[in-house]
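**Q** Show me the folded form of this:
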Amino acid sequence: MTSERPLSSGLYDYGSEQRHSSPVSSGSFTSGEGLGGREEGYDYEFIVRDEKYDCPICLLVLREPQQTTCGHRFCKNCITKWLKESDQRCPIDNMPITESQLFPDNFAKREILGLSVKCPNSKEGCQVIETLKNIQRHLDDCQFVPIPCPNKCSHILLRRDIEDHLARTCHKRSVICQQCKSKVLAEDFQTHEADLCPLAMVQCPHCSTELMREQLQRHFDHDCMRRAVACVYTKLGCTAGKIPRSDMGKHLQENLHHHMQLMCHALVSINRRFSITHTNHLTTGTHSLPDRTESPSTEDRQLMEILGNGLSTTSNQLSVPQLSENPSFVMPQAGPHSLDSIYTPEGNLRHVRGAQGADERFGSERTQIDTELTYTSTPSNHLEGFPRVPYDDEFQSLKSQNLSQDESLARHELWLLDMKHTAENHEKTNKFLVQKIRYLESAVNEFEGRNCNGVYFWRIKSYSKFRNEAESGEVTAIHSPAFYSSCFGYKICIRANLNGVDSARGTHLSIFVHFMQGEFDDILEWPFSGRIMLSVLDQNPTCELRSHVMETLVAKPTLAAFQRPTTPRNHKGFGYMEFLPLSVLDNSTYIRNDTLIIKAQIVST
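**A** Residues are numbered from 1 along each chain as shown. Now for the predicted structure:
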């Protein structure tokens, strides 16, 4: 293969034109704009470009041209950095120069600013050709400039497409709900409309009635006749469970007597827990009911029954009985606790004595009973003869269950703490092992690099993966492990740009070498002088058909790339921008088993 000329290799970008000159040191300059602003020359596509206006250092068109006393032109920043980082000699003829011997070349500057250039966005479709002086003004308004979406939706679009994107397709744009008029992100609109909008029309899942979503809960709680609801007496012991609201009236009517019994049991339970002082207004005299231990009389039972019926009346569940249903009943004798009610042989409340004024008397009695019940500070421990209510036993059972669950939770918490402590120990152990593995890997690589005696083979496995990453711009350059020119020699690494750089991007494989800080730099001779032979090996199974590609780099001691590194890896490299065409590399025996092999041989002098 014909030897290609070595070109500058930098930390960032490279020149955009093919140069026919001797190898040039790579620097930390950028094409156009650097990390701290504009540093190198102009990296535009010029309509007519004269090589006399090219900077020999960055290979771009001169920016703020400076002329030396020996008659050479350089970019202001390029020559200033060169003089600071070298031995203050002209890069062209090696003549001694100082920064004070530089002067601006305004004539060249005027001619350069008058050159015509294509818009940098010409690949996106911009056809504008403008003078270099006015190109920035055009770029400020160019409709083909890629800019990120202002809504931060991760899309990058041309300036001309931003307005339509914000109005139609951006999933981070705000849209107005036509129902509730609230602003919602476009990506959340379907969820808002389907599940959240309070004014959206929805169907009741029980009765299929259409109503607004904000009215649905009230409909569930009060209006829906098909929704299953619990009986109002469930807390008192009704076991009917949930039944449709439309059947609730029938349930209450059919179970009226049972519900009254539940109410009485609840009142008895209250009476058991507290001593109740009662003033009887039904007789001419008054008296208090002390704590009772004897069996309750029939009149006391009737009192509790009537109280239960009266409380039920407040829920509109008990209607006034008709006196004409059964005229044959026995009136009880008036006594100190006589109540206007009797029981049939079946034990059910049937009639109230005296049709006239029965409602008024019953209502006044209920009100008087409610207002005259008072609590005392002494609880009543026993009321023998009343039906026992199972709530105390149930409470004790629930209390026992809660204690058991608390103990179980405590055991689980201890177990979780123990597991957490174990997991933390495992994590610490894993971190230590990972660090140890990395140290051992580093030691192995160091050993292999020292014992290669200046001949190093770099096997780039998973070549297609790295090539795809380079083409997509994800990882444009990869570096080899460090190796040494001898056991105690120079420390070096290879850098490969699998998709090329700058003018060679997408067309050639680019290979460069970088010197690194080593343990024995103090006893080595600097700058490095010698030769470095780079090869891409042909892996053809037939030895006679192998055709390796080799280029030889001759060190230039005056270049910064061969000076003693001041950083772990010298960011200034030296090599070939167009080492091997990708068209030759692809589908050839240079790649075998998805592996590319690059050989480097260091010859020190």
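**Q** what's the pLDDT at Asp340?
**A** What the model reports as pLDDT for Asp340 is 39.
**Q** what about the stretch 351-500 of the chain, any weak spots by pLDDT?
**A** In the predicted model of the stretch 351-500 of the chain, residues 351-391 satisfy pLDDT under 70.
**Q** Just the strands from it, written as ranges.
**A** Taking DSSP state E, counting those that start in this stretch, the strands of the stretch 351-500 of the chain run over residues 374-375, 455-461, 478-479, 483-484, 491-497.
**Q** With respect to Thr80, which of those strands lies nearest?
**A** Proximity to Thr80 (CB to CB) singles out strand 491-497 among the strands of the stretch 351-500 of the chain, at 26.5 Å. Heads up, the C-betas are built off the backbone N, CA and C, glycines and all.
**Q** Okay, now the sheet partners of that closest one, with direction.
**A** In the sheet, strand 491-497 lines up against strand 478-479 (antiparallel), strand 483-484 (antiparallel), strand 508-516 (antiparallel) (DSSP bridges).
**Q** sorry, back to before: mind putting the strands of the stretch 351-500 of the chain in a markdown table, mean neighbour count and distance to Leu537 included?
**A** As requested, the strands of the stretch 351-500 of the chain are arranged in a markdown table below (neighbours: other CB atoms under 10 Å; distance: least, CB to CB, whole Å):
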| stretch | mean neighbour count | distance to Leu537 |
| --- | --- | --- |
| strand 374-375 | 12 | 102 |
| strand 455-461 | 16 | 8 |
| strand 478-479 | 14 | 17 |
| strand 483-484 | 26 | 16 |
| strand 491-497 | 22 | 13 |
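**Q** Next, format those as CSV and append distance to Asn540.
**A** Putting the strands of the stretch 351-500 of the chain into CSV (distance: least, CB to CB, whole Å) gives the following:
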stretch, distance to Asn540
strand 374-375, 106
strand 455-461, 16
strand 478-479, 24
strand 483-484, 26
strand 491-497, 21
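**Q** May I see the strands paired with strand 491-497 arranged in CSV, with distance to Lys242 as well?
**A** Listed next are those as CSV, based on distance: least, CB to CB, whole Å:
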stretch, distance to Lys242
strand 478-479, 69
strand 483-484, 80
strand 508-516, 77
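**Q** which stretch among these comes nearest Cys126?
**A** Nearest to Cys126, of those and by CB to CB, is strand 508-516 at 27.5 Å.
**Q** Pull out the buried positions in that closest one.
**A** Of the residues in strand 508-516, His508, Leu509, Ser510, Ile511, Phe512, Val513, His514, Phe515, Met516 count as buried by neighbour count, 16 or more other CB atoms under 10 Å.
**Q** now the residue nearest to Glu193 when sequence neighbours are not counted: how far from Thr209?
**A** Computed as CB to CB, 6 or more residues apart in numbering, the closest residue to Glu193 that is not its neighbour in sequence is Ala200, at 6.3 Å. Look at Ala200 and Thr209: by CB to CB, to the nearest Å, they are 15 Å apart.
**Q** now the strands: where do they sit in the stretch 101-250 of the chain?
**A** Using DSSP E, counting those that start in this stretch, strands in the stretch 101-250 of the chain cover 103-104, 116-118, 129-131, 146-148, 156-158, 174-176, 183-185, 201-203, 210-212, 228-230, 242-244.
**Q** just the ones you listed: most buried one?
**A** strand 116-118 (a mean of 18; mean count of other CB atoms under 10 Å).
**Q** Report the distance from that strand to the chain centre.
**A** From the chain centre to the centre of strand 116-118 is a distance of 44 Å (CA atoms, centre = their mean, to the nearest Å).
**Q** Tell me if I'm right that Cys177 and Val184 touch.
**A** Yes. Using CB atoms under 8 Å, Cys177 is in contact with Val184, at 5.7 Å.
**Q** So for the two, which residues contact both of them?
**A** Residues touching both Cys177 and Val184 (CB atoms under 8 Å, 6 or more residues apart in numbering): His192.
**Q** For Cys78, which of the strands of the stretch 351-500 of the chain is the nearest?
**A** strand 491-497 (22.2 Å).
**Q** got a list of contacts for that closest one?
**A** Here strand 491-497 makes contact (CB under 8 Å, 6+ apart) with 9, 449, 456, 458, 460, 470, 476-485, 509-518, 521, 532, 534, 569, 573, 575, 598, 600, 602.
**Q** contacting residues around the spatially closest residue to Val536 that is not a sequence neighbour?
**A** Using CB to CB, 6+ apart and skipping the chain neighbours, the partner closest in space to Val536 is Val549 (4.6 Å). Applying CB under 8 Å, 6+ apart to Val549 gives the contacts Met1, Ser535, Val536, Asp538, Phe579, Leu580, Tyr590.
**Q** Tell me the spatial nearest neighbour of Glu64, not counting adjacent residues.
**A** Closest residue in space to Glu64, ignoring its immediate chain neighbours: Lys76 at 3.9 Å, by CB to CB, 6+ apart.
**Q** Quick one: neighbours of that neighbour, just the number.
**A** Counted with other CB atoms under 10 Å, the neighbours of Lys76 add up to 18.
**Q** thought it was touching Thr68?
**A** No. Judged on CB under 8 Å, Lys76 makes no contact with Thr68 at a distance of 11.9 Å.
**Q** Which neighbours do those two have in common?
**A** Leu102.
**Q** in stretch 165-172, what's buried?
**A** Of the residues in stretch 165-172, His165, Leu166, Cys170, Lys172 count as buried by neighbour count, 16+ other CB under 10 Å.
**Q** which one of those sits closest to Leu585?
**A** For the buried residues of stretch 165-172, the residue nearest Leu585 by CB to CB is His165; the value is 39.5 Å.
**Q** What distance do you get for that closest one to Cys177?
**A** Remark: distance between His165 and Cys177 (CB to CB) = 22 Å.
**Q** just Ile437 next, same as before
**A** For Ile437 relative to Cys177 (CB to CB), the value is 56 Å.
**Q** now do Asn134
**A** 48 Å.
**Q** And those two? Which one has more around it.
**A** It is Cys177, of Asn134 and Cys177, that has more neighbours when counted by other CB under 10 Å, with 17 against 11.
**Q** Please, where are all the helices along this protein?
**A** Taking DSSP state H, the helices of the chain run over residues 76-85, 106-113, 135-141, 159-164, 189-191, 213-218, 248-254, 256-273, 298-313, 358-372, 391-450, 463-472, 582-585.
**Q** List the contacts of the fifth one.
**A** Yep, that's helix 189-191 we're talking about. Residues from elsewhere that reach helix 189-191, judged by CB under 8 Å, 6+ apart: Val175, Cys177.
**Q** if we go to 10 Å?
**A** Here helix 189-191 makes contact (CB atoms under 10 Å, 6 or more residues apart in numbering) with His171, Arg173, Ser174, Val175, Ile176, Cys177, Val184, Leu185, Leu196, Cys197.
**Q** buried residues in it?
**A** Neighbour-count burial for helix 189-191, counted by 16+ other CB under 10 Å, picks out Phe189.
**Q** do the same with the third one
**A** Under the neighbour-count criterion of 16+ other CB under 10 Å, helix 135-141 has Ile135, His138, Leu139 buried.
**Q** ok, now the second one?
**A** The neighbour-count check on helix 106-113 (16+ other CB under 10 Å) flags Ala108, Lys109, Glu111, Ile112 as buried.
**Q** Now do it: which elements does it pack against?
**A** Contact here means 3 or more CB pairs under 10 Å, 6 or more residues apart in numbering; DSSP states H and E; on that basis helix 106-113 packs against strand 65-67.
**Q** helices or strands next to the strand it packs on in the packing?
**A** Applying 3+ CB pairs under 10 Å, 6+ apart, one finds that strand 65-67 contacts strand 73-75, helix 76-85, strand 103-104, helix 106-113.
**Q** Direction included, what does it pair up with?
**A** Counting by DSSP bridges, the strands paired with strand 65-67 are strand 73-75 (antiparallel), strand 103-104 (antiparallel).
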